[in-house]
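> From the sequence below, what's the structure:
(2 chains)
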Protein chains: 2
Amino acid sequence: METLSTNRSHGGVQGVYKHQSSETGTEMTFSVFVPDHAEGAKLPVLWYLSGLTCTHANVTEKGEFRAACVEHGVIFVAPDTSPRGDDVPDDEGYDFGKGAGFYVDATQEPWAKHFRMRSYIEKELPALIAEQFPADMARQGITGHSMGGHGALTIALRNPERFRSVSAFSPIVSPLACPWGDKALTGYIGPDRAAWREYDACALIEDGARVPDLLVDQGTGDGFLADQLKTYLLSDVCEKAGQPAAIRMQEGYDHSYYFISTFMAEHVAWHAKRLK
Amino acid sequence: METLSTNRSHGGVQGVYKHQSSETGTEMTFSVFVPDHAEGAKLPVLWYLSGLTCTHANVTEKGEFRAACVEHGVIFVAPDTSPRGDDVPDDEGYDFGKGAGFYVDATQEPWAKHFRMRSYIEKELPALIAEQFPADMARQGITGHSMGGHGALTIALRNPERFRSVSAFSPIVSPLACPWGDKALTGYIGPDRAAWREYDACALIEDGARVPDLLVDQGTGDGFLADQLKTYLLSDVCEKAGQPAAIRMQEGYDHSYYFISTFMAEHVAWHAKRLK
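Residues are numbered from 1 along each chain as shown, chains lettered A, B, ... in the order given. All right, here's what the predicted structure looks like:
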């Protein structure tokens, strides 16, 4: 692991790092914020998965999470959203290929070699975080935005033993039921929609997956709400399944970091309470 | 005035606007954050002047001021740092010309026509803010970063009747005594260094200008501290002159928005107390 930068901020250290990933076969960049802590102490970890077109940098610069992470003593990890590099295949759209890994392990060509963001986030990067940072891996929470909200929900639902807490900002709740999901999962996983269900939060809950509870914030002024995000599908399935969930429609807020940063401190506090 | 964007954030509206400036002879872009407020209510205004290479966007995206502005009911205005456009002369350095207006009215060619950031910030933009926003212009404070810290200090020292409060993040405290100031003021104002004194916070205090008090935060890990910022010059002159000042050296912090955002909420609260 190579340190690209560290900056003191809010009573902690914001770092940006890169490493050679065996899962993606590329260099991967990620950021980690570590609050000041006693020598030898281990802190709980909150994962933040970013949305389409983003890298680690968007939330690192605009997310306004550091003050809350210091207040509650939480490490904040922000991975990239896909493999990068000249050797990595891409699509001309912003919603597929680079910057749009969708947190799946691709099975289709030419994507299968590099687009292994599921295994990267579920296995490889946690091992590196455990090794390199004062992280208590028995206390992990996960959140994310949009495509990263989809990532957070599906990864938590598939790995309830690993995550004590899960939340999301304006998540894609059902790739099976929206154009972004349709394009990405057709491309990465292929036309068999039954194979998509492990990458669809609503389908996972329908199929029996559960988390202790769930916090979702969604802006009512979000231009992607009606066609892509369809928050009501998650509300409906949680209600039917008896999955506890606080799904909050936030009046007038949009899809941007102006929205995310508004509710970030509440999400950090919500996770911290469950990671105590 | 044209609205370029508005985003709901933190219980207020973050807007970005542009207008045709008669001072600079160019279009000028700026941002304004207005907390939710009662119909007809007027709120105090905090000006934030940015540093070299910045536009309104840096602090608007990374400054973490909105939560504090809502808590205290303060409007936050972030202007650009220079005129822009193909007709505006420029320099190949990052520290002169576009993005580096230094908050002066230039007297030297080819700068004098457009580089009128002093009059723009002191006169033209306040009139527009008073006209377009629910701003109580009897309650104004000013802050800024680096070159913008220099701007905040010098504008407040020259206009004590207008500003009730002034603070700065890692300011250039004396353009007379650093390479950035030497290059910029030679270029904009000419070689007569006596004419620079109205653009030098230390010289203004030496020459008798006063403000009620002063808050400065400066990181000890700031790579520009020794050669450009020289905070001790301001400490010395304030002590000699009996100018009240809290000048805080912040251990390990650098020159970036990771530093600024750390102390932003304290600055907003400090101003709000004085703007009550």
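> residue in the stretch 101-250 of chain A nearest to chain B?
In the stretch 101-250 of chain A, the residue found nearest to chain B is A:Gly221; the distance is 6.5 Å by Cβ to the nearest Cβ. C-beta here means a position set from N, CA and C on the backbone, and glycine is covered the same way.
> That residue: neighbour count?
15 (other Cβ atoms under 10 Å in any protein chain shown).
> Give me the local confidence score for it.
Predicted confidence (pLDDT) for A:Gly221: 98.
> Same question for A:Phe224.
You'll see A:Phe224 listed with a pLDDT of 98.
> I'd assumed A:Gly149 was in contact with it.
No. A:Phe224 is beyond contact range of A:Gly149, at 11.3 Å (criterion: Cβ atoms under 8 Å).
> list residues touching both of the two?
Applying Cβ atoms under 8 Å, 6 or more residues apart in numbering or on different chains, one finds that A:Phe224 and A:Gly149 are jointly contacted by A:Ser170.
> Comparing these two, which shows the higher neighbour count?
A:Gly149 (28 against 19).
> tell me the SS of the more buried one?
Following DSSP: H, G, I helix; E, B strand; the rest coil, A:Gly149 is assigned to helix.
> Okay, it and A:Ile247: tell me how far apart.
According to Cβ to Cβ, to the nearest Å, A:Gly149 and A:Ile247 sit 12 Å apart.
> Kindly report the same for A:Ile129.
Relative to A:Ile247, and taking Cβ to Cβ, A:Ile129 is found at 29 Å.
> A:His19 too?
A:His19 is 36 Å from A:Ile247, by Cβ to Cβ.
> And A:Gly181, by the same measure?
Distance, A:Gly181 to A:Ile247, using Cβ to Cβ: 19 Å.
> Could you check which of these two has the larger neighbour count?
A:Gly181 (22 against 18).
> How many residues are close by A:Ser5?
11.
> partners of whatever helix or strand it lives in in the sheet?
Assignment of secondary structure by DSSP states H and E places A:Ser5 within strand A:2-9. As defined by DSSP bridges, the strand partners of strand A:2-9 come to strand A:12-20 (antiparallel).
> Report whether the helix or strand just after the strand it pairs with contacts chain B.
Following strand A:12-20 in sequence order, the next helix or strand is strand A:27-35 (DSSP H and E). No. Using Cβ under 8 Å from any Cβ of the partner chain, strand A:27-35 stays clear of chain B, coming no nearer than 9.8 Å.
> In three-state terms, label A:Val45 for me.
Classified using three-state DSSP, A:Val45 is strand.
> coming back round to it: how far does the strand holding A:Ser5 sit from its chain's centre?
Relative to its parent chain, strand A:2-9 has a centroid offset of 22 Å by Cα atoms, centre = their mean, to the nearest Å.
> Strands along the stretch 101-250 of chain A, start to end?
Per DSSP state E, counting those that start in this stretch, the stretch 101-250 of chain A carries strands over the ranges A:135-144, A:163-169, A:215-219, A:246-250.
> Turn those strands into TSV, columns for distance to chain B.
Converted to TSV, those look like this (distance: least, Cβ to the nearest Cβ, whole Å):
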stretch	distance to chain B
strand A:135-144	18
strand A:163-169	13
strand A:215-219	8
strand A:246-250	8
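> Quick one: end-to-end distance for stretch A:202-211.
12 Å (Cα to Cα, to the nearest Å).
> can you pull the buried residues of it?
Neighbour-count burial for stretch A:202-211 flags A:202-205, A:209, A:211 (criterion: 16 or more other Cβ atoms under 10 Å in any protein chain shown).
> you'd agree A:Gly93 is up against A:Lys183?
Yes. Using Cβ under 8 Å, A:Gly93 makes contact with A:Lys183 at a distance of 7.3 Å.
> Could you list the residues of the stretch 51-200 of chain A in contact with chain B?
So the stretch 51-200 of chain A meets chain B at A:61-62, A:64, A:66-67 (Cβ under 8 Å from any Cβ).
> Correct me if wrong: A:Ser235 contacts A:Arg248.
No. Contact between A:Ser235 and A:Arg248 fails when scored by Cβ under 8 Å: they sit 10.6 Å apart.
> Between these two, tell me which one has more neighbours.
A:Ser235 (17 against 14).
> how close does A:Leu49 sit to A:Ala156?
To A:Ala156, A:Leu49 is 10 Å away according to Cβ to Cβ.
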